[in-house]
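Trainee: Take a look and give me a structure for this.
(chains A and B)
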Number of protein chains: 2
Amino acid sequence: MKFELKAHLRCSGAVVRTRTGTPEGGVNLSDIDECVAYCNKELLKKGAPPGCGAEVVRWKVVDERITLEIVSDRFVRAHDALLRVKKEFARLLGRYRIGLRGIEIEDYKIALEWEEGAEEKEGLRIRKLPFVKEIRHRKGSLELVLDVDESSLDKKIPDRLIRLLEEKKEANRWKGKSEHWELIFESEKKEHYFDKDPTEAMIQRDWLQHAAGRGQYVYGPQITQIFRAFEKILLDELLIPLGYNEMVFPKFIAWDVWKRSGHAKGIYPEMYYVCTPKSRDPEYWEDVIDYFKVTNEVPVDMIMEKIENVGGMCYAQCPPFWVFLQGKILPDDILPVKVFDRSGTSYRYESGGLHGIERLDEFHRVELIWIGKKQEVIDHAKLLQERYRQIFSEILEIEWREAWVTPWFMAQEGRTGLAESKEVGTIDYEAVLPYSGKWLEFQNVSVNGYKYPSGFSVKLQSGAELWSGCSGVGLERWAASLLAQKGLDPDKWSEKFRSIVGELPEVFRFL
Amino acid sequence: MKFELKAHLRCSGAVVRTRTGTPEGGVNLSDIDECVAYCNKELLKKGAPPGCGAEVVRWKVVDERITLEIVSDRFVRAHDALLRVKKEFARLLGRYRIGLRGIEIEDYKIALEWEEGAEEKEGLRIRKLPFVKEIRHRKGSLELVLDVDESSLDKKIPDRLIRLLEEKKEANRWKGKSEHWELIFESEKKEHYFDKDPTEAMIQRDWLQHAAGRGQYVYGPQITQIFRAFEKILLDELLIPLGYNEMVFPKFIAWDVWKRSGHAKGIYPEMYYVCTPKSRDPEYWEDVIDYFKVTNEVPVDMIMEKIENVGGMCYAQCPPFWVFLQGKILPDDILPVKVFDRSGTSYRYESGGLHGIERLDEFHRVELIWIGKKQEVIDHAKLLQERYRQIFSEILEIEWREAWVTPWFMAQEGRTGLAESKEVGTIDYEAVLPYSGKWLEFQNVSVNGYKYPSGFSVKLQSGAELWSGCSGVGLERWAASLLAQKGLDPDKWSEKFRSIVGELPEVFRFL
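Mentor: Residues are numbered from 1 along each chain as shown, chains lettered A, B, ... in the order given. Model prediction:
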């Protein structure tokens, strides 16, 4: 890695005594020389291995500007070096009552080791990078010409840019490889009483109707009663016995939440975006309203000019919960905390094609969160697994399997592989769909480590590490699994489940 | 009203025999003269009072084009006249094997009676109108120069434009006048045990925390338990005894739903807009992801270019239900149908300032819908009113009043006043908030007439008119009303309510 930076320090007045300048004030050139020499010898080597670091290779003073050219390796990167030199110069100039107004970056080039043709060969996408004016290929290296200013340096843009390239290389190494998937449990085989697509069957019986949006249904009384039976099973068999308390989590997610949860790193292609009006003034909207009234068409292009994006709809259900605890310190004795939410919809912009209730844009989920010290959280995940197994084998009587997969929060940040800690990760629950032979993921149990407490700055009074886990139960996915294996006829369901559901209501008939 | 239209009929070949043209084919000018004379005498007077209608005042034929100038009053509007004349010409030209390709509008002016200075005096906003190039003021009239083509005529744009202006005048007449509000019931006065803002009090006790978005909270275990107690009361006292069945209504609302419900006429300033990605391809989003990773800031301007508006989040809760019945014919014997939904959040982009849980951007509501013949629907609304009164007086023991107001569906279309039918309308329920002395609307009961069945094309087998009603119970509004009057201490609640809520859980404490 090589960094080459040319920058100007803007000062409050002429820096050196010139023949035409005022005799009073101004620095001796020899002082500057000395300062630069000190920087090169000491300041720009600090923290770097011997022989490494940065160096001011050229400098010049014209009127109010000190121009510096700095070259470095990766140990004291040129932009960090510049900030160190700036401080030193501020001290020197201060003695002469000259202020340091700011930095102008004239030119900044970073050369990285780069295998020739890596883009084509590995499918890396680097043609356009933020804060980069130009990307040049040199033999064995890639040269980035940056477009940065002082505030970009404060924000560590060059470092983040280098990390981005490394991440792209890393992500690429995983590309093509399938997601991590490791079978950890398999239920006994079950007799299947049905070989049809349950969504199609439900549509035929008017249990549901496709709604006006993509991947969205209106659920009639029968299937709603089945959803509520699932909730009752969860409550009676798991949530109440294990001491869970209900909460209501937000369903609109502001960007700040996804910045903290890491979702802002990756969910863009799958999000439902939420925008709010730039103004609430009815006059501001009158042209849109007039257009609609005259055409009976909604002018979505006009609308796009009048709204601004502020976040999106619930994607993963647990992140917005953490705002409740954000920045707080918890006494140890309230642990473990166990809460759940079932207060609304989640959204995914799913790939095209119809998948019925198995793959929806709008779906309903009960989300469990538990919080505690490391071992507590790990142990509770095991307890949940047991309870779920009981529910699936003794009440729903379905055929399912469990797999250790890439942690959901990594997957949703666009990462693959496994977490560094072996205790952190996700178990996916999958049920076979006899009509297609495919396996459907219908819920998960995850130990998320300290990721969320850390992202939302939640601490324990004792200073011990706070961990958390979560588990999302998809009501439509449970229904798809059960009904695909057993069909819509309650006679084929287990007696236990049938008695929990009760008699299915007949409300609508159509001609 | 005066309409002046100049248009060209484009034909498939030269229309008349010319000296240089082919001797074969082509119409005699005298035939055209005769055709125009017939139109002026018969065709363009049909349906108009004597002496009224349209007239072709000039015509000309050049090559493949017949140019027509039509003047009319409001009885046979010039654009309708043009379509009549076009048909007649098609018949004439057909005899000569000349086809009629289409219409070009060169100029279309409409003059409307208009009080001088109406805009300034009445605050009418007409400076910009869709499909209008220019607006000119003449003495006592307003001249609109239209920008329309043939398809605009097919879509009746000129007629809709005139109606829009009439609506603006009408709406203006109501402006300044307060909304309709007529007291119809008042409960007895109750002793109030609390004089504080309940939201503030709940925040102090960590019952809720403001979420990351505007007007949005994360609800802790205690207040969630109170919400669920409200639902239980609704279920036990009203929904189950009255034979309601639960359904799950969509919460993302596609534009088509709001076009049918009428909301597309008015809710723009208050909507939460939903946009979906223009592409799901990760490559399409890589620059956004790169930008975020390098800056830790979400580039909302870049995002706005990559998404498109497809609708909004649930505003009124009942419209998306109607998709379940859309285009269907119901047998009479399934009536009355009674369903409810409590499956998610509703959104309003509320005006600024903090209003606690009394006025939220994101809130939770149980929505009841009943459908039947006219009298059934009216009678059921009365039954509901009785049940609600029992709940408020005997279980919640609050002080409230009921008022007959502008129907909610009219208000949400930007209209005021009352419905034409006296049986159609909305009762708002309001509770006094002792800490501010203000009255808070906490729910409503509405008879919506045939509006929804008509908007979504739902019919009865017998042909009888299908009516519907709806009632929305705001959980946060119930909580605000109860807690503002009685405070957070269960000792001050009615014994009945206290026993339904049960003991409030203590889950969180913060240092």
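
Trainee: What helices and strands are in contact with the longest strand along chain A?
Mentor: Longest strand in chain A, counting residues (DSSP state E): strand A:100-113. Under the contact definition 3 or more CB pairs under 8 Å, 6 or more residues apart in numbering or on different chains; DSSP states H and E, strand A:100-113 sits against strand A:2-11, helix A:78-94, strand A:141-146, helix A:150-154, helix A:157-174. To be clear about C-beta, it is placed using only N, CA and C from the backbone, and glycine gets the same treatment.

Trainee: Swap in 10 Å and give it another go.
Mentor: With contacts defined as 3 or more CB pairs under 10 Å, 6 or more residues apart in numbering or on different chains; DSSP states H and E, the secondary structure elements packing on strand A:100-113 are strand A:2-11, strand A:65-72, helix A:78-94, strand A:132-138, strand A:141-146, helix A:150-154, helix A:157-174.

Trainee: ok, A:Val366 touching A:Glu476?
Mentor: No: applying CB atoms under 10 Å as the test, A:Val366 and A:Glu476 come out as separate, 11.7 Å apart.

Trainee: Give me the common contacts of the two.
Mentor: Among the neighbours of A:Val366, those also in contact with A:Glu476 (CB atoms under 10 Å, 6 or more residues apart in numbering or on different chains) are A:Phe227, A:Phe230.

Trainee: Before we move on, what's the pLDDT of the closest residue to A:Tyr217 other than its chain neighbours?
Mentor: Leaving aside its sequence neighbours, A:Tyr217 sits nearest to A:Leu208 (CB to CB, 6 or more residues apart in numbering or on different chains; 4.7 Å). The pLDDT attached to A:Leu208 in the predicted structure is 97.

Trainee: what does A:Lys121 give?
Mentor: A:Lys121 is assigned a predicted lDDT (pLDDT) of 69.

Trainee: State which one residue of the stretch 301-450 of chain A is found closest to chain B.
Mentor: Across the stretch 301-450 of chain A, no residue is closer to chain B than A:Gly344, which sits at 3.7 Å (CB to the nearest CB).

Trainee: ok, that residue - contacts?
Mentor: A:248-252, A:313-314, A:317, A:364-365, B:251, B:314, B:342-346, B:362, B:364.

Trainee: phi, psi of it?
Mentor: With angles defined as degrees, to the nearest 10, A:Gly344 sits at phi 180, psi -170.

Trainee: excluding its backbone neighbours, what's nearest it?
Mentor: For A:Gly344, the nearest residue in space outside its immediate sequence neighbours is B:Gly344; the separation is 3.7 Å by CB to CB, 6+ apart.

Trainee: What is the burial count for A:Val447?
Mentor: Burial of A:Val447, expressed as a neighbour count using other CB atoms under 10 Å in any protein chain shown, amounts to 25.

Trainee: Stretch A:292-299: how far from the chain's middle?
Mentor: Offset of stretch A:292-299 from its chain centre (CA atoms, centre = their mean, to the nearest Å): 38 Å.

Trainee: follow-up on the earlier one: wait, which of the helices and strands packed on strand A:100-113 is closest to B:Asp197?
Mentor: Within the helices and strands packed on strand A:100-113, the stretch nearest B:Asp197 is helix A:150-154; the backing value is 41.1 Å (CB to CB).

Trainee: What residues are bridge-paired with A:Tyr217?
Mentor: Note on A:Tyr217: beta-bridge partners A:His210, judged by DSSP bridges.

Trainee: Surely it and A:His210 touch.
Mentor: Yes: A:Tyr217 sits in contact with A:His210 when judged by CB under 10 Å, with a separation of 5.9 Å.

Trainee: Between the two, which is the more surrounded one?
Mentor: When A:Tyr217 and A:His210 are compared on other CB under 10 Å, the one with more neighbours turns out to be A:Tyr217, at 26 against 16.

Trainee: mind giving me the domain split of chain A?
Mentor: Each domain of chain A is listed here as a residue range: A:2-174, A:179-251+A:317-501, per automatic domain parsing.

Trainee: Now the terminal residues of the last one, how far apart.
Mentor: Yep, that's domain A:179-251+A:317-501 we're talking about. From the first residue to the last, domain A:179-251+A:317-501 extends over 37 Å; the measure is CA to CA, to the nearest Å.

Trainee: So what's the gap between that domain and the chain middle?
Mentor: 19 Å.

Trainee: Nearest residue to A:Ser346 in space, please, no chain neighbours.
Mentor: Ranked by CB to CB, 6+ apart and with sequence neighbours excluded, the top spatial neighbour of A:Ser346 is A:Cys314, at 4.7 Å.

Trainee: just checking, that neighbour touches B:Gly213?
Mentor: No: under the criterion of CB under 10 Å, A:Cys314 is not in contact with B:Gly213, lying 11.6 Å apart.

Trainee: So the residue nearest to A:Ser346 versus B:Gln216, what's the distance?
Mentor: Relative to B:Gln216, A:Cys314 is positioned 12 Å away (CB to CB, to the nearest Å).

Trainee: can you list residues touching both of the two?
Mentor: Looking at what touches both A:Cys314 and B:Gln216 (by CB under 10 Å, 6+ apart), the common residues are A:Pro250, A:Lys251, A:Phe252, A:Ile253, A:Pro320, B:Thr345.

Trainee: For those residues, which entry has the maximal number of neighbours?
Mentor: Of all the shared contacts of A:Cys314 and B:Gln216, the most densely surrounded is A:Ile253 (30 neighbours; neighbours counted as other CB under 10 Å).

Trainee: For that one, list each beta-bridge partner.
Mentor: Legend: beta-bridge partners of A:Ile253 under DSSP bridges are A:Gly312.

Trainee: tell me the contacts of it?
Mentor: Shown in contact with A:Ile253 (CB under 10 Å, 6+ apart): A:261, A:263, A:271-272, A:274, A:310-317, A:319-320, A:323, A:347, B:211-213, B:216.

Trainee: for the residue nearest to A:Tyr217, what are its contacts?
Mentor: Taking CB under 10 Å, 6+ apart as the definition of contact, the neighbours of A:Leu208 are A:199, A:202, A:217-220, A:222-224, A:356-357, A:476, A:479, B:247-248, B:324.

Trainee: Show me the two of those that sit farthest apart.
Mentor: When CB to CB is used, the two most widely separated members of the contacts of A:Leu208 are A:Gly356 and B:Met247, lying 18.1 Å apart.

Trainee: Of those two, give the one with the bigger neighbour count.
Mentor: Taking neighbours as other CB under 10 Å, A:Gly356 and B:Met247 compare with B:Met247 leading, 25 against 20.
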